[in-house]
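Participant: quick one: sequence plus predicted model below, questions after.
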Amino acid sequence: MSELYLLRMQNIKKSFPGVQAVDDVTLEILPGEIHALVGENGAGKSTLMRILSGATTPDDGSIFWRGEEVHINSPATAQSIGISMIHQELAVIPYLDAGKNIFLGREPKGILPGQINWSKLYRSAKEQLARLGLDFDPRKPVNLLTIAQQQMVEVTKALSIDAALIVMDEPTSSLTERESEALFDRMIRLEEHGVSIIFISHRLEEVFRVSDRVTVMRDGKHIGTHPIETLSKDKVVNMMVGRELSYETPRLTKTHT
């Protein structure tokens, strides 16, 4: 069964002193889908993704990638097999410029051994930024950018990696509406080219705007996974909190551009 999925995290468990953060969770991601992962704070979403990214080691469970079991013991290992992650906390290096942040560790080589092709790096960085509707100079130090621009540098870095799966943990938390829309358009275009995305957001409008399927977690457990068209916001909220509540904002639907 695992060969049907790009990713299958099976029966994952992780505890910290006094807390069962992830409790026997299975998450399955299809090729070329945007899969929302939702739950209240403390539901276990970020811990599960840290396990996937190699930043945290699970206590139990297995990870299958393209049908083969893998052991992801570091972020470098995750990236090497095609998993890229956009963290909620900014991970940019403030005193490097935007271009150097985007291609850190992946700088294009120059003609001579050990040489970096800086003109190619900044040209490529500008192209990557433009795909998200950004026009600031990639030579500008990150600490001189706004918080929203720094977040977009982080997003651009993840999207510039030739990844089969991109994990986005609250990527719009610091973005303007225009920047968020540019990101959503880019996400849908990536999906159309076969890239899978795990999208974590507390904003259900965003979840219904871009997602194909939704997995809900609560108290470290997997509550359910459903196609987006079978859900309402009220149903998602009820799964998240374990009781009947109403979510009163209007539903947005996924659109392709």
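Facilitator: Thanks, I have it. Residues are numbered from 1 along each chain as shown.

Participant: quick one: the helices in the protein?
Facilitator: Remark: helices assigned in the chain by DSSP state H are 45-53, 75-81, 98-102, 118-130, 147-160, 177-192, 204-210, 233-241.

Participant: can you put the ones you listed in TSV and add distance to residue 20?
Facilitator: C-beta: built from backbone N, CA, C; applies to glycine. Shown next, in TSV, are these (distance: least, CB to CB, whole Å):
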stretch	distance to residue 20
helix 45-53	10
helix 75-81	24
helix 98-102	36
helix 118-130	40
helix 147-160	30
helix 177-192	32
helix 204-210	25
helix 233-241	18
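
Participant: and the ones you listed as CSV, adding mean pLDDT and mean neighbour count?
Facilitator: Shown next, in CSV, are the helices of the chain (pLDDT from 0 to 100; neighbours: other CB atoms under 10 Å):
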stretch, mean pLDDT, mean neighbour count
helix 45-53, 95, 24
helix 75-81, 92, 15
helix 98-102, 95, 25
helix 118-130, 95, 17
helix 147-160, 86, 21
helix 177-192, 88, 17
helix 204-210, 95, 21
helix 233-241, 95, 18
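
Participant: wait, which of those is closest to residue 90?
Facilitator: helix 147-160 (5.6 Å; CB to CB).

Participant: please compute how far the closest one lies from its chain's middle.
Facilitator: Distance of helix 147-160 from its chain centroid, counting by CA atoms, centre = their mean, to the nearest Å, is 12 Å.

Participant: outside of that helix itself, list whatever touches it.
Facilitator: 84-87, 90-92, 98, 101-104, 124-125, 128-129, 131-132, 134, 136, 142, 145, 166, 168, 171, 173-176, 179, 183, 186, 190 (CB atoms under 8 Å, 6 or more residues apart in numbering).

Participant: C-alpha coordinates for it, CSV please?
Facilitator: Presented in CSV, the C-alpha positions along helix 147-160 are these (Å, rounded to 0.1, in the frame of the first residue of the first chain):
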residue,chain,number,x,y,z
ILE,A,147,9.7,40.7,8.3
ALA,A,148,7.4,39.8,5.5
GLN,A,149,10.2,40.1,3.0
GLN,A,150,12.4,37.9,5.2
GLN,A,151,9.6,35.3,5.3
MET,A,152,9.4,35.4,1.5
VAL,A,153,13.2,34.8,1.3
GLU,A,154,12.6,31.7,3.4
VAL,A,155,9.8,30.6,1.1
THR,A,156,11.9,31.4,-2.0
LYS,A,157,14.8,29.3,-0.7
ALA,A,158,12.5,26.3,-0.1
LEU,A,159,10.8,26.6,-3.5
SER,A,160,14.2,27.0,-5.3
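
Participant: what's the angle between that helix and helix 118-130?
Facilitator: 110 degrees (axes from the mean of the first three to the mean of the last three CA atoms, to 10 degrees).

Participant: now do the closest residue to residue 141 other than its chain neighbours: how many residues are near it, please.
Facilitator: Nearest residue to residue 141, sequence neighbours excluded (CB to CB, 6 or more residues apart in numbering): residue 97, at 5.2 Å. By other CB atoms under 10 Å, 21 other residues sit near residue 97.
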